[in-house]
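[1] sharing a model prediction with you, sequence too.
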Amino acid sequence: MTDAPTLPAEAATDDHVFATWLATVAGERLLEVRGQGLEGRELKDAGDAAAQALIAELLAAHRPDDAVLSEEAADDKSRLDAHRVWIIDPLDGTREFSEPPRDDWAVHVALWQDGLLVAGAVAQPALGETFNTGNPPVLPPRTSTRPRIAVSRTRPPAFVQALAEEIDAELVPMGSAGVKVMSVVRDVADAYVHAGGQYEWDNAAPVAVARAAGLFCSRVNGAELVYNQDDVSLPDLIVCRPELADQIIDFVRRHGTD
Ligand SMILES: Nc1ncnc2c1ncn2[C@@H]1O[C@H](COP(=O)(O)O)[C@@H](OP(=O)(O)O)[C@H]1O
Ligand SMILES: [Mg+2]
């Protein structure tokens, strides 16, 4: 049993600092698990379990009155009547986590309050970075005139290939929704377009951070992303530099996502 990490003083009252700390310490725990010599399914399961256990313990200790929605815990529907809900993916990109030395996996911590995402952090432990809403990332100038669209490495939606052809974009495959959203924040890509399946925990924290950095975020048809719903399926989204949003939404409205 490892000692629980010590809460930084500011994190007691500041939800941005708390989210950042929680994602960071869970990421550090995941790096430890990755160093234990496990492989494949065993490594995936050990990572999911260790990050979930630590995050659950720290939320119970430091935010005991808040509700929690986590990929790795039973869904307690009392969250539907709560004012504050932490939306957690303890390990996003589990597949890539189990393929060292890949760095495209992440920890997601978001806070939903009365209808809105109000704080969030995405740790990318293998890069040693935690992107967050407290110190929002500053969007670098765009270095590519040809749009780069981040897509799932293993489940790229078919329509994104057609979209790329129409707008003369390049596809950049990588793991983890959080990593793909942060790739737009970091000017590694200019857009992330996904459809076909995802859940609130896969995109809540990434969207909170992306918005804080000034990026455009919506469903693929341009509709609002809505969190803390009874059904937590949130199967599609666009995160992009604002100047690309109209083109992408227009394509989806004309062609659909099939
Ligand atoms: N079609 C789909 N249906 C359900 N979940 C999906 C999905 N495509 C992606 N996801 C989820 O979104 C996250 C990012 O996926 P990808 O790396 O393929 O982009 C993964 O989360 P987890 O790793 O937490 O399971 C994955 O499970
Ligand atoms: Mg996930």
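    Thanks, I have the structure now. Ligands and ions are numbered 1, 2, ... in the order given.

[2] in this structure, what residue is nearest ligand 1?
    Going by CB to the nearest ligand atom, ligand 1 is nearest to Gly197 of the chain, at 2.2 Å. All C-beta spots, glycine's among them, are computed from the backbone N, C-alpha and C.

[3] which neighbouring elements make contact with the longest helix along the chain?
    Assignment by DSSP state H gives helix 40-62 as the longest helix of the chain. In terms of contacts (3 or more CB pairs under 8 Å, 6 or more residues apart in numbering; DSSP states H and E), helix 40-62 is packed against helix 15-34, strand 67-70, strand 84-92, helix 94-97, strand 106-113.

[4] is the longest one anywhere near ligand 1?
    No. Against ligand 1, helix 15-34 shows no contacts by CB under 6 Å from any ligand atom, the least distance being 12.3 Å.

[5] using CSV, lay out the helices and strands packed on helix 40-62 together with mean pLDDT, distance to Glu170 and mean neighbour count.
    Output for the helices and strands packed on helix 40-62, formatted as CSV (pLDDT from 0 to 100; distance: least, CB to CB, whole Å; neighbours: other CB atoms under 10 Å):
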stretch, mean pLDDT, distance to Glu170, mean neighbour count
helix 15-34, 98, 29, 22
strand 67-70, 98, 35, 22
strand 84-92, 98, 24, 27
helix 94-97, 98, 21, 21
strand 106-113, 99, 23, 28
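
[6] what is the neighbour count of Gly115?
    Other residues near Gly115 number 10, with proximity taken as other CB atoms under 10 Å.

[7] confidence score at it?
    For Gly115, the pLDDT comes out at 98.

[8] for it, what are its contacts?
    Gly115 sits next to Asn228 when contact means CB atoms under 8 Å, 6 or more residues apart in numbering.

[9] tell me how far it lies from Ala205.
    In this view, Gly115 and Ala205 are 17 Å apart by CB to CB, to the nearest Å.

[10] what is the neighbour count of whatever residue of the stretch 101-250 of the chain ends up closest to ligand 2?
    Nearest to ligand 2, among the residues of the stretch 101-250 of the chain, is Asp202, at 4.1 Å (CB to the ion). By other CB under 10 Å, 26 other residues sit near Asp202.

[11] contacts only, for Leu91.
    By CB under 8 Å, 6+ apart, Leu91 lies in contact with Leu30, Gly47, Asp48, Ala51, Glu72, Phe97, Trp105, Ala106, Val107.

[12] which residues of the stretch 51-200 of the chain lie near ligand 1?
    71, 89, 92-94, 152-155, 175-177, 196-198.

[13] buried subset of those?
    Glu71, Asp89, Asp92, Gly93, Thr94, Ser152, Arg153, Gly175, Ser176, Ala177, Gln198 (16 or more other CB atoms under 10 Å).

[14] quickly list the domain ranges of this structure.
    9-132, 148-255 (automatic domain parsing).

[15] turn these into JSON lines, including distance to Val138.
    Output for those, formatted as JSON lines (distance: least, CB to CB, whole Å):
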{"stretch": "domain 9-132", "distance to Val138": "11"}
{"stretch": "domain 148-255", "distance to Val138": "7"}
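
[16] about what we covered before: what's the closest of the helices and strands packed on helix 40-62 to Leu215?
    strand 106-113 (15.3 Å; CB to CB).

[17] what bridges to the closest residue to ligand 2 within the stretch 51-200 of the chain?
    Using CB to the ion, the single residue of the stretch 51-200 of the chain nearest to ligand 2 is Asp92, 3.6 Å away. With DSSP bridges as the criterion, Asp92 is bridged to Ala106.

[18] read off the pLDDT value for the spatially closest residue to Ser183 that is not a sequence neighbour.
    Excluding the flanking residues, the one nearest Ser183 by CB to CB, 6 or more residues apart in numbering is Ala189, at 4.3 Å. Note on Ala189: pLDDT of 98.
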